[in-house]
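# sequence plus predicted model, see below.
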There are 2 protein chains.
Amino acid sequence: MSEQTPEIRGFRFAGFAAGIKKSGLPDLALAVADRPVSCAALFTENLVQAAPLKIARERVAAGLLQAVLVNSGNANACTGKPGLEAAHGASSAVAEALGIDAGLLVPASTGVIGQVLPADKVVRAAKPLVSALGARNASDFAQAIMTTDQGPKLALERLEVGGQEVRVLGIAKGAGMIHPRMATTLAFVFTDAALPPERLQRALRSATDESFNIATVDGETSTNDMILALASGGAGAPELIDGTDAYSGFVAALTRVLRSLAEQIVADGEGAEHVAEVIVTGTAHDADARTIARRVATSLLVKTAMHGKDPNWGRILCAAGVAGVPFDPDVARIAIDDVEIVRDGIGLGAEAEQRAARIMQTPRYAIRVSLGAGPGRASYLTCDIGHRYIDVNAGYRS
Amino acid sequence: MSEQTPEIRGFRFAGFAAGIKKSGLPDLALAVADRPVSCAALFTENLVQAAPLKIARERVAAGLLQAVLVNSGNANACTGKPGLEAAHGASSAVAEALGIDAGLLVPASTGVIGQVLPADKVVRAAKPLVSALGARNASDFAQAIMTTDQGPKLALERLEVGGQEVRVLGIAKGAGMIHPRMATTLAFVFTDAALPPERLQRALRSATDESFNIATVDGETSTNDMILALASGGAGAPELIDGTDAYSGFVAALTRVLRSLAEQIVADGEGAEHVAEVIVTGTAHDADARTIARRVATSLLVKTAMHGKDPNWGRILCAAGVAGVPFDPDVARIAIDDVEIVRDGIGLGAEAEQRAARIMQTPRYAIRVSLGAGPGRASYLTCDIGHRYIDVNAGYRS
């Protein structure tokens, strides 16, 4: 997306360098609605929850929010009472600078675990941050929430509702600690559609299940993950009603936005060079296919084979075999895109593998695993793991 | 252990280079008992099972075996009917050279998946392999079963039963694809103790649960894993009877042997420089502690932090938090050996972490996670993951 994103009517955005990151790069992001708006959210399932998440949970529950404040460079997780106080102090200062009730602002943090957020830096940054707000500054917001990301992640969809154009903008951060347990990263959705919190929550849940919840980088689940959606109604379109084409269209657009963000995250998987969609078919149920697809997508040996551009189907079949779902290996078929390399559980030889290896040199391909004649089907996004993942994660704190 | 291992009375061993490995290194191992002896085995839980494993299952079921034939360099997995025929052909040729019934010989294979075992090479090697048999050649056997191993893996224990010395020798291979689902590697136990198959099976199951089943390198489970035990009775000691001190002593010795092999395997985890024993305490039950210990031990972020010698306790707590076992993060304590770095869920600061980081430079240490006042306790062996793992596994087939 371009530097300047189109307006999402009813929202303004800002990014700012508050000095939380040692690098001096932007580390404070703010999004604010013109008035309190509908909100919905999904939170990490990790038992260990960062201080800002505890605050966010309470505030989202009311269904109405006006602002989101995100810092990168510090997760403010496992920081006890001082961490909670810092999160409150930081968000109150920004709420005050905005002239809104602190209960209408949701804080979020991402970065290193175990260090208390330096609230004083946020307090000092509050006024210039608010001054930087602009309707077309969403990419500043996206820049400021980055940690190990190689670049900002945005996705935009437009749809028509009652003759009006409605926009759905998604912004996410994430490269490591990506594995599906609800929201597996920090992601924010801003839309000028009109719909009440419960309906927005259902739409968000459905779209997340088909995007973030089927993406993996390293099987990890963070203490700070949250996906938050705000709907301003600023497009002036009629309210979205369950069961209508307009509502389905909105859920589909939201799903595409989140799907795009999930793909961007997996593609940026801390050194990843290849993204694969693992597509499993032929099981009795979709759930079985998803279990197997997840196991294959998470296998370190599959991911290193991807890195080596090696159609090592033995590792794929081996990973499928320990997913805990019964199937007959003797009917298994495996293909890289449309090049079949295994039929009836047996490899088809060097020539097929050479063709598959050529496909595996490209940035994105499908690993297709067919395990029978059942109607079950599921897919899962994964990436290769190479040396940069080791470098990033063996040296992240130093 | 020294080049020449002490005799395990009643057994002879050999290793031979049959040309299955491109490198020309030894790739064929044979162990043979003077007569049919008690046997027991555990097999991989992977749904995908290599051809030799299918044969081994049938033959072990009878409770009596006389020989084990292992090849490295080729797993003979996912090779269908031709693979099964090759496994039969190879083992029949060696049985014939030994002058024993083929049903008394168990084949095992390890190496690349998806290529049919070149049975002709085994047939040609059968006679010289049998000629190489010797009572003190167990390390030749150990050499010949290696794949990506940096060195052979043997462990020996001695105990006294009825005034006689009884010996328990374990030999294993494995560095990658190591994760606990029963036997997670190829491992062989030769003992001159006397006990019937059912009792040997119980002892093997118990010892495996406390060794191989609590060790992980990369969360993978192979198609070829097997642990096989043969008991010759050659020590001339009385038969081991359930409930006696002698039997308990034997199980303890067997556990130490398998534990040593499991530690050797984890330490050789394809580039591993550090082995950690993750010890979880304070849960309601041992099973809860084990679930959490496994999750921490398997976490890629914990393993890369180990590689970076970084006491990144946030990752440890974060991994514990997604194990699916409820606990109160606010009472969590974490220590590296005896250096506490987290108390009541909060980090104890830079000085403690620096001391912990120094311990993490050593080859072996404990990661202690205390999660409450419950009696539950479990441990799990793991290793760091670094660049060599990527090199070995991204390039393994090429």
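Looks like it came in fine. Numbering: from 1, shown residues only, chains lettered A, B, ... in the order given.
# for chain B, what's the nearest residue on the stretch 101-250 of chain A?
At 2.6 Å from chain B, A:I113 is the closest residue in the stretch 101-250 of chain A, using Cβ to the nearest Cβ. C-betas here are computed from N, CA, C, even on glycine.
# and that residue, that one's in a strand?
No - read with DSSP: H, G, I helix; E, B strand; the rest coil, A:I113 is coil and lies in no strand.
# Three-state assignment for the spatially closest residue to it that is not a sequence neighbour, please.
Spatial nearest neighbour of A:I113, chain neighbours left out: B:G314 (2.6 Å); criterion: Cβ to Cβ, 6 or more residues apart in numbering or on different chains. Classification of B:G314 using three-state DSSP returns helix.
# from B:E85, how far out is B:G314?
Distance of B:G314 to B:E85, computed by Cβ to Cβ, to the nearest Å: 54 Å.
# looking at those two now, which is surrounded by more residues?
The neighbour comparison of B:G314 against B:E85 (other Cβ atoms under 10 Å in any protein chain shown) goes to B:G314, with 26 against 15.
# and stretch A:62-79, average pLDDT?
Averaging pLDDT along stretch A:62-79 gives 93.
# pLDDT weak spots in the stretch 101-250 of chain A?
Scanning the stretch 101-250 of chain A with the threshold set as pLDDT under 70 gives A:175-184, A:216-223.
# if we can go back for a sec, give me the pLDDT for the residue nearest to A:I113.
In this model, B:G314 carries a pLDDT of 86.
# ok, now the one 5 residues further on?
According to the per-residue confidence, B:A319 scores 89 in pLDDT.
# check A:G395 too.
pLDDT for A:G395: 63.
# after the helix or strand hosting A:G249, which helix or strand is next?
Counting by DSSP states H and E, the element that carries A:G249 is helix A:245-267. Sequence-wise, the next helix or strand downstream of helix A:245-267 (DSSP H and E) is strand A:275-282.
# how about the residue nearest to A:I113, what does it touch?
Neighbour list for B:G314: A:A75, A:A77, A:C78, A:V112, A:I113, A:G114, A:T223, B:G347 [criterion: Cβ atoms under 8 Å, 6 or more residues apart in numbering or on different chains].
# the same query, at a cut-off of 10 Å, please.
For B:G314, the contact set (Cβ atoms under 10 Å, 6 or more residues apart in numbering or on different chains) comprises A:48, A:50, A:75, A:77-79, A:112-115, A:222-223, A:397, B:301, B:305, B:334, B:342, B:347.
# alpha carbons only: can I get the longest strand seen in chain A in PDB?
For chain A, the strand reaching the highest residue count under DSSP state E is reported as strand A:28-43. Taking Å, rounded to 0.1, in the frame of the first residue of the first chain, the C-alpha atoms of strand A:28-43 are listed here in PDB:
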ATOM      1  CA  LEU A  28       4.100   4.800  19.800                       C
ATOM      2  CA  ALA A  29       1.000   4.500  17.700                       C
ATOM      3  CA  LEU A  30      -2.400   6.200  18.200                       C
ATOM      4  CA  ALA A  31      -5.700   5.800  16.500                       C
ATOM      5  CA  VAL A  32      -8.700   7.800  17.600                       C
ATOM      6  CA  ALA A  33     -12.400   8.000  16.500                       C
ATOM      7  CA  ASP A  34     -14.300  11.200  16.400                       C
ATOM      8  CA  ARG A  35     -16.700   9.800  19.000                       C
ATOM      9  CA  PRO A  36     -17.100   6.500  21.000                       C
ATOM     10  CA  VAL A  37     -17.700   3.700  18.400                       C
ATOM     11  CA  SER A  38     -18.600   0.000  18.300                       C
ATOM     12  CA  CYS A  39     -15.700  -2.300  19.200                       C
ATOM     13  CA  ALA A  40     -14.900  -6.000  19.300                       C
ATOM     14  CA  ALA A  41     -11.800  -7.900  20.200                       C
ATOM     15  CA  LEU A  42     -10.100 -11.300  20.600                       C
ATOM     16  CA  PHE A  43      -7.300 -11.900  23.000                       C
END
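# SS state for the nearest residue to A:T255 once chain neighbours are set aside?
Leaving aside its chain neighbours, A:T255 sits nearest to A:A207 (4.1 Å; criterion: Cβ to Cβ, 6+ apart). Judged by three-state DSSP, the three-state class of A:A207 is helix.
# ok, A:A207 touching A:V257?
Yes - look at A:A207 against A:V257 with Cβ atoms under 10 Å: they come within range, at 7.6 Å.
# any residues in contact with both of those two?
Joint contacts of A:A207 and A:V257 (Cβ under 10 Å, 6+ apart) are A:V168, A:G170, A:V189, A:A229.
# all strands for chain A, in order.
Using DSSP E, strands in chain A cover A:11-16, A:28-43, A:64-72, A:105-110, A:153-161, A:164-173, A:186-191, A:226-231, A:275-282, A:333-336, A:339-343, A:346-347, A:364-370, A:374-383.
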